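K.L.:
what's the 3D shape of this:
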Amino acid sequence: MYKQTGFQRVDPKRVILDRITGAIMSTVFGGIILTTMAIATLTVHLGSEMAFDRFFWVTLVAWGSSLFLVLAIFILNFVWPRLKYNATFWRLGEDGLEIWRGVIWRHQLSVPRARVQHADVVQGPLQRHYGIATLIVHTAGTQNSSVGLVGLTHASAVDLRDELIRQGKEIHVV
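P.N.:
The predicted model follows:
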């Protein structure tokens, strides 16, 4: 469907980058969850030996649920970036920039060339390492006044930015 209409994918390195950032966030949240469980377990069980017998099953279920949640977060952070990559397409047409994205909720964004105020290319440290960037297009208006396209190669993002700005100037010339 997309290939017939001239849509392009973002760079596949975006999947790697999203997995790395997901792993970092998963480690932080997993550490918080497991540390909280350890503190709660020690707090309950240091009171008396009878508390250990009484809360054994509750503690076992809580630990099992926590470990399941941490494992689910890690798995989701491995699978979700690929799903996001497979659902993101863009093209620069005569009317402007079109972006299709969304795994569960699909968004079809259209940025008319005449509405483009300015555009930025942004790179964080990991993006710079992998050679990808985010193009942010700022438009006139209040709703969706800035639209981001994550995962372009840096060269593509710069070229797309320059093309949008150049064509925007041509449209505004009277």
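
K.L.:
could you list every helix and strand that the helix ranked longest in the chain packs against?
P.N.:
Longest helix of the chain, by residue count under DSSP state H: helix 49-86. Under the contact definition 3 or more C-beta pairs under 8 Å, 6 or more residues apart in numbering; DSSP states H and E, helix 49-86 sits against helix 13-45. Yep, even glycine has a C-beta here, placed from its N, CA and C like the rest.

K.L.:
and the helix it packs on, what other elements does it pack with?
P.N.:
Using 3+ C-beta pairs under 8 Å, 6+ apart: helix 13-45 touches helix 49-86, helix 125-130, strand 132-139, strand 146-153.

K.L.:
ranking the ones you listed by mean pLDDT, which is last?
P.N.:
Mean pLDDT per stretch puts helix 49-86 lowest among the helices and strands packed on helix 13-45, at a mean of 82.

K.L.:
what are the pairing partners of the helix or strand following it, and which direction each?
P.N.:
Downstream of helix 49-86, the first helix or strand assigned by DSSP states H and E is strand 89-92. If you go by DSSP bridges, strand 89-92 pairs up with strand 8-9 (antiparallel), strand 96-101 (antiparallel).

K.L.:
which of those is buried the deepest?
P.N.:
strand 96-101 (a mean of 20; mean count of other C-beta atoms under 10 Å).

K.L.:
in a markdown table, list the helices and strands packed on helix 13-45 along with mean neighbour count and distance to Val10.
P.N.:
Shown next, in a markdown table, are those (neighbours: other C-beta atoms under 10 Å; distance: least, C-beta to C-beta, whole Å):
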| stretch | mean neighbour count | distance to Val10 |
| --- | --- | --- |
| helix 49-86 | 13 | 7 |
| helix 125-130 | 14 | 12 |
| strand 132-139 | 22 | 8 |
| strand 146-153 | 19 | 3 |
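
K.L.:
possible to save the ones you listed as JSON lines with distance to Leu17?
P.N.:
As requested, the helices and strands packed on helix 13-45 are exported to JSON lines (distance: least, C-beta to C-beta, whole Å):
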{"stretch": "helix 49-86", "distance to Leu17": "8"}
{"stretch": "helix 125-130", "distance to Leu17": "5"}
{"stretch": "strand 132-139", "distance to Leu17": "7"}
{"stretch": "strand 146-153", "distance to Leu17": "8"}
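
K.L.:
between those, which one is nearest to Val116?
P.N.:
Val116 sits nearest to strand 132-139 of all these, at 5.9 Å, using C-beta to C-beta.

K.L.:
elements contacting that closest one?
P.N.:
Using 3+ C-beta pairs under 8 Å, 6+ apart, the elements in contact with strand 132-139 are helix 13-45, strand 116-122, strand 146-153, helix 154-172.
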